[in-house]
Structure formats: structure tokens, C-alpha cells
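Enquirer: I need the structure of the sequence given here:
(4 chains)
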Number of protein chains: 2
Amino acid sequence: MASSSPGFAKRPSVSRISMQEVAQRAGVAASSVSRVLSGHPNVSDIMRNRVLDAVAALGYEPDLVAQSLRRGATMTVGFVVGNISNPLLSEIALGAETHLREAGYSMLLVNSMNKPDLDAEHIRLLAQRRVDGLLLSLASEDSPGTLDAVSRAELPVVLVDREMTLRGSISAVYAEHETGVEAAVRELALHGHRRIALVNGPSDLRPARVRANTLRRVARQLGITSVVRSGSFTTEHGEAATESLLAMAEPPTAIVAGSNQILVGVLRELRRAHRRVPDDVSLITCDEVPLAEFLEPPIAAIERDHHEMGVIAASLLLELLSGTAPRTRTIPTTFKTSASVGPVKDKNEYRKV
Amino acid sequence: MASSSPGFAKRPSVSRISMQEVAQRAGVAASSVSRVLSGHPNVSDIMRNRVLDAVAALGYEPDLVAQSLRRGATMTVGFVVGNISNPLLSEIALGAETHLREAGYSMLLVNSMNKPDLDAEHIRLLAQRRVDGLLLSLASEDSPGTLDAVSRAELPVVLVDREMTLRGSISAVYAEHETGVEAAVRELALHGHRRIALVNGPSDLRPARVRANTLRRVARQLGITSVVRSGSFTTEHGEAATESLLAMAEPPTAIVAGSNQILVGVLRELRRAHRRVPDDVSLITCDEVPLAEFLEPPIAAIERDHHEMGVIAASLLLELLSGTAPRTRTIPTTFKTSASVGPVKDKNEYRKV
DNA sequence: CGATATTTTGGAAACGATACCAATCTTGCG
DNA sequence: CGCAAGATTGGTATCGTTTCCAAAATATCG
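Expert: A predicted model of the protein is given here:
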């Protein structure tokens, strides 16, 4: 603690080299240094060299905070995410960060723990930090606080598989859940399933809502029965919902898990209840999970490219930042079947109208 | 593009309310507004009320960029991570971000794609952005470029399971891999295994290095044979290394996978080669993975609390930022055995010296 | 060669806050 | 009541850039 070298504590390190010092060393004005470094056209070669020499000699690096203040742009975007430890979101974040960085932007990441209040709070904080734009994977699409925070922020926004009707510069990237869910349901129907359940996320979130609607629509078209259990994207909900499904008078013969968290819950309850997949119940999950290929049986999944989704979200934001009009883009989902989908075993199978 | 409402494009929105405007509205000096808002002691009640009223009326929110410039602190930290889509890192990031935010800090996240060059580049960028500190989960511990960048940055740093000998304000959070690996190896030995392989990450990274050293040490103590296959933390390395292990004259009877990526590769190769776990080979992995409990058999794992690691990393950084001396903290690892560990089947098992 | 036109450059004023200092206003007390 | 001590307040410089404007230097041309 107490330094033995006197006169050292006085100097607060070498501080940092400012543009002013570069200017002094080069014997020119600060404004000229700025011009050289920002590639202004009217700069003589001699000036450029003097400045660049001084920059190199001093190891000068511009202060991005000062730059941000003066230019009114921070080259920073905020990403509000429910929980970065969700593999879905962390892949999106990876794609987005990589793409943004290549365009010179940095990314502030905040976790809202799936709480709408935190969403709103974080949006306000990011606005104060003067981010140039927002990437939002919100906990709720219709929380008034969040809506208010978004519209007040007056920033370019890209929604990640979320829908909000708000005026402003708002683009969105959607996953086309319809195709994947429809393919999955039709495949189940082909195997004779006539009661299909969806253990779903909260219906105020686009992915869950669209999946539920699609299941209901396709089931109606096929004349079969659908059951939707809405809840949160958690293992707990997966377990509880599955338990209640299995307790039904006529339990579903196939279950679609609405997320990998939910899948874990579903699997736990199925194991507990000694139900075998696919003999007792067929199983499909949304968004593939790393080790799924080694499960016995491997779980069929409705998949999409999360990384790509992040990249698209980032490019939509870059578009907005360059002044283009907002728009939405959609990425496909595909159904990859597997041995977790099997034929219905006729046990106490009553024919339903 | 061409707006039909004339006179709209002129106003660049309501701009933003500055402290000056608040001061004007309250009929006081800007410095007084600053004092009120920063909780300066000497402020009369009447002044406080006038200012707060004006603040509320105008909806003023301070500009954190300007504040950063003037105060010389951005209340921002940078987190350099190999790849946020790695569940290990995303959990750490979650823990760190949450803890930092509660202390008023925001987190800039950058992915280095496990490239040391990018590590260094990102550190420089973050320094230019004037972050107050760094959280580093580096791609390499001895890349000169990275070392240089870190020491030039002159910032408080916390290393996340990485070792670097560098002067400066550098703390670290370590996982105590020794205990977990030792427990795992002893358990294997109890089951009669006398040739144990570790499909490992790169040995210039602490986790891989410590695990390898521990395996070697314990194997020597027990008088058994160890094989370490160093490489990258990828499925490809997992596959290739496993293939080469299985091709040995006397293949190992137990394999430890050095990461979840590696585990996937190991499993793929074992499946391809029709080796059964644990009958043909016992299997243990490092860092549990979500669905592991549903694998047949479930995979034994050496575990640690990643989230907690992130929290600790954050608090070490907060310590440094408050002026405390650097230090290291260690979190435990535990070995959780399971059916993937079994007795050695005496086939062509020669007794080794 | 002188007078415009065009580059090139330096100086000063921002960006939006904070913090120091000095001026003013209260108080307390002899 | 007068004055020193303390509480409050306003004004100004500053953080490190960029950008506007005008001055200086150079180029162009009849």
C-alpha cells in the first residue's frame, strides 16, 4: 500500500494522451489533427504526415466518449434480453454482436430476467446512455411501462420475434413459426394422433401466440383436437402442464414443448409418470437443444437459425440507423422429425367427434 | 421518404432536454441543478423543490455520455468472451451483468471467437470507449498482443479462469478444477480403470492446463496410465481425439471430455464406433449440460457454479474499482457420478506395470 | 503580374454535464 | 448591533472532441 518510491503516487499514471498534445507535438492546431484523423478531404500531405507521425510517436488513441458527446452518436446499441443464459438468446446475441461490431458498433447487454418492469427500466437506462438504437427481446409485448419507455426513447428499434404496434422507427425480425408447427402437426396427424397438446409459453409473446394459433388452426382443418397450456418458458411450467395433461380424461397422445426449458419439464414429468416416448406419447420440441441427438429417442424439433436471426436483427438496425424506413423480415422454421414421433397405440382410444 | 407533412422534417424531434433548460425553467443556475441531482449536501429545501419540479415538468433525464466525459468514469465495464453462445460463458455473463448492474454499471459484451487477435483488438476498443474495467475470458493466456493490450489499457481487470502474470490491477476468479478432476479419477480407479484419457482443450488455457496436470498427478499417485489429447474446445477435436484414442493399441477404458462441445464430439465418435457407455468405455464430462440427465446413461460430470463465477468476477471488479488491492478467489468444483461410470470389462485387458 | 478562386489552416464555440471559486445570504454570538 | 463563520448560490472553466468561420496560403487565369 504505502509506496516506497516517492513522487510516484503524484503522477496519476501517464494519464492519457489527448488530441491537444498531439497537436502541440506536431506543431499544428487541434482542429487540424481532427481533420487528418477523420479523413477530411482538404488536408495537405505535409500536414497529414506531421500529424500521423505525432500520433504514432505518442501512441495517441481518440477518446470515444468525447467523440460521442460531440458527434451526438455513441456507436453503441443496447440489447435487452430476457436471460442471456438461454441458448436461444445467446446465439442471437452472438450473431447480432458480431454483425454490429463489423459495422463499428458496440453492444450493451442487459438481462431483464423476463420481468417487464426491468425491460422498461433498462430501456430508459440505455436511452440515458445515449445508445444509437435498441434490439429488444422483451418479456412482454403489451406492458404499458415498456411501451411507454420504448416510445419515449425515440430510438430506432428492432424487435426480435416480438410484435408491438407503436409508431416510430421500429423494425422486426420474425420467425415463421407457422410452417414448422404446421408441418409438425400434420406429421403427427399422419401417425394417427387426434389429440395434440402444446405446452406453451406466455401468450403475450409472439412465438407462443403464433404457435398456439397455428396449432389450433391446423387442428381445426384436420378435424382433430388441440389443447394449449399457456404459462411461462420454464421447466416448472413444463412439469405442471404435463402433469395436468396426463391427468385428463382423454390425455393427448402427442405433446409439443414450446421451448427447451419447457422440454426439460415435460421430460421430467413423463419420466416420473413412466410414460415412454413415443410408445405412450409422441414428443416434439421447439428450438433444438445441443444434446438432443443423443437422447433415446432423439427428440423431433421445430428449428430455426438463431444465429442468423441475430445477424438479421443487427442488419435491420443498421438499416434504420442509415435512415431507411422500418420493415420486417422473416426467417423460416423447419420441422425435423425423428423417432420421438410414432404411431398412436390404440389403448382406450375413443373416437372423438 | 418525401414527407407530406410540411415543416415536420425541420424539427429534429423535441431534441432532448438539457440541464441548462431545467435550470432556466427553475430560474436557477445549471450548477445548482447539478448539485440537487447529485445529492450535494448544501442545498436549501426551496431550491431542491424548484429544481425537482422543473425536472419533473420537463421529464429531464441526465445525459450519461456528458457525465462520463466530465466525471472521467463511464460506469461501464467490458466483458471479452470467446463466444457468448457457449452456455458456460452465457451463464457467467448473466451472473456478472446482473451483479454489475445492481452496482450501477453497464456491460459491453464482445465476442472474440476464440481468436487472440480479436481479444487484443477488443481490449483496445474497450479502452478507447473508456470502460472503467474489464472482465476477461481470453482465448489465450500468453498471446503477446493480448498481454500488450491489457497492460497498455491500464485498467482494473478480472480474469475469468485465466492466468496471466502481468503487473497491474488484476484480480482473478478461478475454478478449483483439481478437486473435481481428482474425485473423478479416483472414482474411475475404484471401478478398476487403469487407462484414463482426457480429451482436453488448449493447454494455454487454465482450465485445460489444470485438468491435465491434475489427471497426470493423480494417475501417477495411483500408479495408473493417463493420456491427454490437447486441442480446441470443439466437437471436431472431440471426435478426432476420440477416434485416435480408440485406435490405440491399448485404448483407454475411460474418457473425460473437457467441455460440453468436446463431449458432443466424443459421443458422436463413440456412437460411430459402436462403443457403449459404460460397458465399453466409461465417460465423464466437464461442466454439466442441460439435457444430460435424460441421456442413457446420464453422463457423470465435474460441475461448478457458473452463475456464481460471474457474480464473483463482477464483485472482484467492483472491489478493484473501489480501490482495493487485487486478489484471487476460487470456486469449488464437484464430481457428480452417474451410470456413465462403470466397472472395467476384462476383455483383452493386459495388466500394465 | 494582379486579382479572383480555391485550398489549407487556426481559433473559437459548441456537445452536456461537474466542480471549483468567489459572491451572497444566513446565523450565531460576544 | 456588528462581525465572523457557515450555508447557499451563481459563474466559469473544463472534460476531449468536432465543426463552423474566417484568415492565410496557394493556385488559376486573363
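Enquirer: which outside residues touch the helix or strand containing A:Val218?
Expert: Taking DSSP states H and E as the criterion, the element that holds A:Val218 is helix A:206-222. Outside helix A:206-222, the residues within contact range by CB atoms under 8 Å, 6 or more residues apart in numbering or on different chains are A:141, A:161-163, A:174-175, A:177-178, A:181-182, A:185-186, A:189, A:196, A:198, A:200-203, A:225-226, A:228, A:230, A:233, A:256, A:258, A:286. In this view, the C-beta of every residue, glycine as well, is placed from N, C-alpha and C.
Enquirer: Of those residues, just the buried ones, PyMOL syntax please.
Expert: Restricted to buried positions by 16 or more other CB atoms under 10 Å in any protein chain shown, the PyMOL selection for those reads:
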select buried, chain A and resi 141+161+162+163+174+175+177+178+181+182+185+189+196+198+200+201+202+203+225+226+228+230+233+256+258+286
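Enquirer: one step back: need the contact partners of the very next helix or strand once past the helix holding A:Val218.
Expert: The first helix or strand that comes after helix A:206-222 along the chain, using DSSP H and E, is strand A:225-229. Taking CB under 8 Å, 6+ apart as the criterion, the residues outside strand A:225-229 that touch it are A:194-200, A:212, A:215-216, A:219-220, A:237, A:241, A:244-245, A:248, A:252, A:352.
Enquirer: Give the next helix or strand downstream of strand A:225-229.
Expert: If you walk from strand A:225-229 toward the C-terminus, the next helix or strand you reach (DSSP H and E) is helix A:235-246.
Enquirer: Quick check: A:Val160 touching A:Ser137?
Expert: Yes. A:Val160 sits in contact with A:Ser137 when judged by CB atoms under 8 Å, with a separation of 4.2 Å.
Enquirer: Quick check: neighbours shared by those two?
Expert: Residues touching both A:Val160 and A:Ser137 (CB under 8 Å, 6+ apart) are A:Ile92.
Enquirer: Where does the prediction get shaky in chain A?
Expert: Per-residue confidence of chain A (counting by pLDDT under 70) places the weak regions at A:1-15, A:346-353.
Enquirer: what ranges do the strands span in it?
Expert: In chain A, the strands defined using DSSP state E lie at A:76-81, A:106-111, A:133-136, A:157-160, A:170-176, A:195-199, A:225-229, A:254-257, A:282-286, A:300-303, A:328-332, A:334-336.
Enquirer: Do the longest one and chain B come into contact?
Expert: No. Contact check for strand A:170-176 against chain B, using CB under 8 Å from any CB of the partner chain: none in range, with a minimum separation of 15.0 Å.
Enquirer: centroid residue for chain A?
Expert: Central residue of chain A (CA atoms, centre = their mean): A:Leu89, 4.3 Å from the mean position.
Enquirer: Just want to check the distance between that one and B:His237.
Expert: Distance, A:Leu89 to B:His237, using CB to CB, to the nearest Å: 26 Å.
Enquirer: Excluding chain neighbours, what is closest to whichever residue of chain A sits closest to chain B?
Expert: Closest contact between chain A and chain B, by CB to the nearest CB, is at A:Ser90 (4.0 Å). Excluding the flanking residues, the one nearest A:Ser90 by CB to CB, 6 or more residues apart in numbering or on different chains is B:Ser90, at 4.0 Å.
Enquirer: Now do the contacts for A:Gly133.
Expert: With the criterion set at CB under 8 Å, 6+ apart, A:Gly133 makes contact with A:Val77, A:Gly78, A:Leu155, A:Pro156, A:Val157, A:Val158, A:Leu317, A:Leu320, A:Leu321.
Enquirer: Without its sequence neighbours, what residue ends up closest to it?
Expert: Leaving aside its chain neighbours, A:Gly133 sits nearest to A:Pro156 (4.1 Å; criterion: CB to CB, 6+ apart).
Enquirer: ok, that neighbour touching A:Asp132?
Expert: Yes. Taking CB under 8 Å as the definition, A:Pro156 is a contact partner of A:Asp132 at 7.2 Å.
Enquirer: any shared contact partners between these two?
Expert: Common neighbours of A:Pro156 and A:Asp132 (criterion: CB under 8 Å, 6+ apart): A:Leu321.
Enquirer: In terms of neighbours, single out the busier of those two.
Expert: Using other CB atoms under 10 Å in any protein chain shown, the more surrounded residue of A:Pro156 and A:Asp132 is A:Pro156, with 25 against 19.
Enquirer: Distance-wise, check the more buried one relative to A:Ser143.
Expert: Distance, A:Pro156 to A:Ser143, by CB to CB: 21 Å.
Enquirer: for A:Ser38, same thing?
Expert: For A:Ser38 relative to A:Ser143 (CB to CB), the value is 42 Å.
Enquirer: Could you check which residue of the stretch 251-353 of chain A lies nearest DNA strand C?
Expert: For the stretch 251-353 of chain A, the residue closest to DNA strand C is A:Leu321, as judged by CB to the nearest atom of the strand, at 18.5 Å.
Enquirer: Could you save the strands of chain A as TSV and add columns showing distance to DNA strand C?
Expert: Formatted as TSV, the entries for these read as follows, by distance: least, CB to the nearest atom of the strand, whole Å:
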stretch	distance to DNA strand C
strand A:76-81	16
strand A:106-111	18
strand A:133-136	18
strand A:157-160	21
strand A:170-176	24
strand A:195-199	48
strand A:225-229	48
strand A:254-257	48
strand A:282-286	44
strand A:300-303	46
strand A:328-332	32
strand A:334-336	48
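Enquirer: want to throw those strands into CSV with distance to B:Ala127?
Expert: Formatted as CSV, the entries for those read as follows, by distance: least, CB to CB, whole Å:
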stretch, distance to B:Ala127
strand A:76-81, 15
strand A:106-111, 12
strand A:133-136, 24
strand A:157-160, 28
strand A:170-176, 32
strand A:195-199, 47
strand A:225-229, 50
strand A:254-257, 45
strand A:282-286, 41
strand A:300-303, 40
strand A:328-332, 35
strand A:334-336, 43
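Enquirer: Out of the ones you listed, the one nearest B:Glu121 is which?
Expert: Of all the strands of chain A, the one in closest proximity to B:Glu121, counting by CB to CB, is strand A:106-111 (12.2 Å).
Enquirer: Partner strands of the closest one and their direction?
Expert: Paired strands of strand A:106-111, with direction, are strand A:76-81 (parallel), strand B:106-111 (antiparallel) (DSSP bridges).
Enquirer: how distant is it from the center of its chain?
Expert: On the basis of CA atoms, centre = their mean, to the nearest Å, strand A:106-111 is displaced by 11 Å from the centre of the chain it belongs to.
Enquirer: What residues sit buried inside it?
Expert: By neighbour count on 16+ other CB under 10 Å, the buried set for strand A:106-111 is A:Ser106, A:Met107, A:Leu108, A:Leu109, A:Val110, A:Asn111.
Enquirer: Let me know whether the second one touches B:Met107 as I believe.
Expert: No. Between A:Met107 and B:Met107 no contact is recorded; they are 9.5 Å apart, counting by CB under 8 Å.
Enquirer: Pull the contacting residues for A:Glu97.
Expert: Under the contact definition (CB under 8 Å, 6+ apart), the residues listed for A:Glu97 are A:Phe79, A:Met107, A:Gly310, A:Ala314, B:Ile84, B:Leu109, B:Val110, B:Asn111.
Enquirer: let's go with 7 Å and repeat that
Expert: Applying CB atoms under 7 Å, 6 or more residues apart in numbering or on different chains, we find A:Glu97 in contact with A:Met107, B:Leu109, B:Val110, B:Asn111.
Enquirer: Please tell me how far it sits from B:Ala127.
Expert: With distances defined as CB to CB, the gap from A:Glu97 to B:Ala127 amounts to 18 Å.
Enquirer: burial of the closest residue to A:Ala23 other than its chain neighbours, as a residue count?
Expert: Setting aside the residues directly before and after it, A:Ala23 is nearest to A:Ala30 in space (CB to CB, 6+ apart), at 4.3 Å. By other CB under 10 Å, 15 other residues sit near A:Ala30.
Enquirer: from what I can see A:Ala30 touches A:Gln24, true?
Expert: No. Proximity of A:Ala30 to A:Gln24 does not meet the contact threshold set by CB atoms under 7 Å, at 8.7 Å.
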